[in-house]
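Participant: Sequence and predicted model, in that order:
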Amino acid sequence: MTKPVWFPAGDRGLLLDLTGYAAQLDGLPPPKIRQTLTRQARRLGTLIKAEHKQTVTGITDIVPGLASLLIHYDPARTSAQTIKSSVSLLLDRLDENIPLPTRHWYLPVCYDDAAAPDLGDVSARCGLSPQEVIDIHCSTELEVAIMGFLPGLAYMTGLDSRLNLPRRSEPRIAVPSGSVAIAMDQTVIYPLDSPGGWNLIGLMPVPLFDSQRGEPVLLKAGDRISFYAVSRSDYDQIAAAYKDGRLAVQPTQETAENG
Amino acid sequence: MAELTILSSGPCTTIQDHGRTGFQAFGVPEGGAQDYDALVTANWLVGNAAHAGGLECYGGGLEFTADCSLAIALSGTARGSLNVTAADGAVAEHGAGRTVFIRAGDRISLAPMRDSNLAFISLSAEIDLPRIYGSQSTSVNARLGGLDGRRLADGDLRPLIPVKDRPAPRILSDCAAFFACPERLRVVLGPQDYAFDSQQTERLLDTNWTLTSKMDRMGVRLKGPQILHKHSADILSDGIVKGAIQVPGDGQPIIMMADHQTTGGYTKIACVISADLGALARLHPNRTVRFQAVTQQEAEALARQHAGIRRSLMVSHTQHSDRQQAGSEK
């Protein structure tokens, strides 16, 4: 592994760049290495949090990025220097074999025409039938690489290369919440009605963010996601059951995963 | 129950407190009062906890009333004032930085301020709103918190839970110097200053940047010469701090404010230091500003110094217990 590099982010943040390349601008690491480093960043975040309760005080938030970790801190209680020295000790202990907790989710998606305004366009551009697009999207397990943009929005990577497309040249002003969308090697689900430029291929009935829920955020970085297709009537039933509180959404399994 | 009524909301008034700390890994923005100095001092003036929720108001134009007597205070400005119109039509003008006692039915208005684009008004009452991730703060773009996650609108009503005892009158000892507009905002270069050559960094520091009217609670867009990247504006998405100066492909910087998204994929050439974030938030559109580089260590020392100055404003000459309260602020 390349040696991670620290960068200041004002007097309330410290960025650890695990690529170590960034400063030299050797270019961005290839996807496989990127994935490994992103997992390492999450692993380090977990280690810091565990240690945090004992020794590292003054850290206010830890935000994993792609192959990086941003440590927010309070300069009234600690300093960048203090954090660097304590985290560097943890870096030495960082091992790719330390199990990383992960959760597996099977999420229903309605791919019907009315729910998937770009499915026809996506299938045409990928040279596949709409059913093939759906089958491929449902057969790949994705991983939440990072969170961001809106509360609960998960960037899921690992999309099958046959579905790789750029974002739409004209972003939409309003994308409905629950929209399942693809671009590059990723899938996102919009947690709120919002503007967006991704290709919309379906709708997921359970909100990614619900401030009324005990845990408002459904997905977290590191989660594994598989989709399965449901009909519009199943979609409506699931959405209604969730709304009435008859449906508690849980991950299918929680395991520790290496690598 | 007592009630707060917004008669006129002005361009952007929202309910804010200290924001949400510790949930950015879930994409939840920190949010909270743009001007922490105004939040803490206004709350001190009415005897509240330092981080209690109140009204954050851009550009003045706010008018409200309450059907109970309250202590209120305006901060984040030295020259702004609250006009209080009593039921009999009598108008009294009260300056910023002091406790103002209002009676049920008084109408309070905040005119646009010459020295600040942003002010905070505290009330000696709890605004009855749920806390999400420990905060009542409104993040408009995330439709989170406050009143339905949105700006306040004319006619909005909100129940108030006034404090039991009328607080003692207080005054900030020297808010004119503290809230004065700075000539320069100090920055720490990085985290991605390596994506620019030294000429471009100099350009950042040698330019009189104009704050455009494209400013909201998420960010402030600057106008000036183009800042050119060595290669690309894109990076692997990483976490963002408040005050980060992001340079997208068009070379026109955007400063990330309290409701900034938690991660992003554009280079950040520098970050405004925390001691100057309040001043940045108070600047009017079309103002020009310069940046001055300091080291991270210097910025940390400046943050502690700034907090010390802020505490020194909150010293009551009448009650010893006030000093303890000021000292309990984080």
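Facilitator: Nice, I can see it.
Participant: Give me the nearest residue to the residue in chain B positioned nearest to chain A, chain neighbours excluded.
Facilitator: Residue of chain B nearest chain A, by C-beta to the nearest C-beta: residue B:239 (2.8 Å). Heads up, the C-betas are built off the backbone N, CA and C, glycines and all. With sequence-adjacent residues excluded and distances taken as C-beta to C-beta, 6 or more residues apart in numbering or on different chains, residue B:239 is closest to residue A:70, at 2.8 Å.
Participant: same question, residue A:158
Facilitator: Distances taken as C-beta to C-beta, 6+ apart put residue A:142 closest to residue A:158, at 4.7 Å, once the chain neighbours are dropped.
Participant: In contact with residue A:171, which residues?
Facilitator: When contacts are counted by C-beta atoms under 8 Å, 6 or more residues apart in numbering or on different chains, residue A:171 is found next to A:195-197.
Participant: contacting residues around residue B:69?
Facilitator: The contact partners of residue B:69, by C-beta under 8 Å, 6+ apart, come to B:101-104, B:162, B:166.
Participant: re the thing from before, list only buried entries from the contacts of residue A:171.
Facilitator: Among the contacts of residue A:171, those classed as buried by 16 or more other C-beta atoms under 10 Å in any protein chain shown are residue A:196.
Participant: Closest one of the contacts of residue A:171 to chain B?
Facilitator: Of all the contacts of residue A:171, chain B sits closest to residue A:195, with 10.0 Å by C-beta to the nearest C-beta.
Participant: contacts for stretch B:96-104?
Facilitator: With C-beta under 8 Å, 6+ apart, stretch B:96-104 has contacts from B:41, B:45-46, B:66-82, B:84, B:86-87, B:94, B:108, B:119, B:166-172, B:175, B:179.
Participant: thinking again about what came up before, looking at the contacts of residue A:171, which are in strands?
Facilitator: Counting by DSSP state E, the part of the contacts of residue A:171 found in strands is A:195-196.
Participant: circling back to that earlier point, so what's the residue count around the residue nearest to residue A:158?
Facilitator: Neighbour count of residue A:142, defined by other C-beta atoms under 10 Å in any protein chain shown: 23.
Participant: Does it touch residue A:187 like I think?
Facilitator: Yes: in terms of C-beta atoms under 8 Å, residue A:142 counts as a neighbour of residue A:187; the distance is 5.7 Å.
Participant: thinking again about what came up before, dump the residue contacts of the residue nearest to residue A:158.
Facilitator: By C-beta under 8 Å, 6+ apart, the contact set of residue A:142 is A:156-159, A:187, A:224-226.
Participant: For it, give its distance to residue A:160.
Facilitator: For residue A:142, the distance to residue A:160 (C-beta to C-beta, to the nearest Å) stands at 10 Å.
Participant: go on, residue B:192?
Facilitator: When residue B:192 is compared with residue A:160 (using C-beta to C-beta), they lie 31 Å apart.
Participant: Next: residue B:174.
Facilitator: When C-beta to C-beta is the yardstick, residue B:174 and residue A:160 sit 64 Å from each other.
Participant: who's more crowded, these two?
Facilitator: Relative neighbour count places residue A:160 above the other of residue B:174 and residue A:160, with 16 against 12, counting by other C-beta under 10 Å.
Participant: Mind listing the residues bridging to whichever residue of the stretch 1-150 of chain A sits closest to chain B?
Facilitator: Nearest to chain B in the stretch 1-150 of chain A, going by C-beta to the nearest C-beta, is residue A:70, at a distance of 2.8 Å. When bridges are called by DSSP bridges, residue A:70 pairs up with residue A:15, residue A:63.
Participant: can you pull the contacts of residue B:72?
Facilitator: B:46, B:82, B:99-100, B:102, B:108, B:121-124.
Participant: mind running it again at 7 Å?
Facilitator: B:46, B:100, B:102, B:108, B:121-123 (C-beta atoms under 7 Å, 6 or more residues apart in numbering or on different chains).
Participant: Using a markdown table, please lay out those together with secondary structure.
Facilitator: Supplementary listing: those in a markdown table, determined by DSSP: H, G, I helix; E, B strand; the rest coil:
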| residue | secondary structure |
| --- | --- |
| B:46 | coil |
| B:100 | strand |
| B:102 | strand |
| B:108 | strand |
| B:121 | strand |
| B:122 | strand |
| B:123 | strand |
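Participant: Relative to residue B:154, which of these is nearest.
Facilitator: Taking C-beta to C-beta as the measure, residue B:154 lies nearest residue B:108 of the contacts of residue B:72, at 14.8 Å.
Participant: about what we covered before: so which of the contacts of residue A:171 also contact chain B?
Facilitator: Of the entries in the contacts of residue A:171, none also sits close to chain B under the rule C-beta under 7 Å from any C-beta of the partner chain.
Participant: Kindly reformat the contacts of residue A:171 as a markdown table and extend each row with distance to residue A:57 and pLDDT.
Facilitator: A markdown table is the format used below for the contacts of residue A:171 (distance: C-beta to C-beta, whole Å; pLDDT from 0 to 100):
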| residue | distance to residue A:57 | pLDDT |
| --- | --- | --- |
| A:195 | 40 | 89 |
| A:196 | 39 | 90 |
| A:197 | 42 | 91 |
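Participant: Great, nothing more from me.
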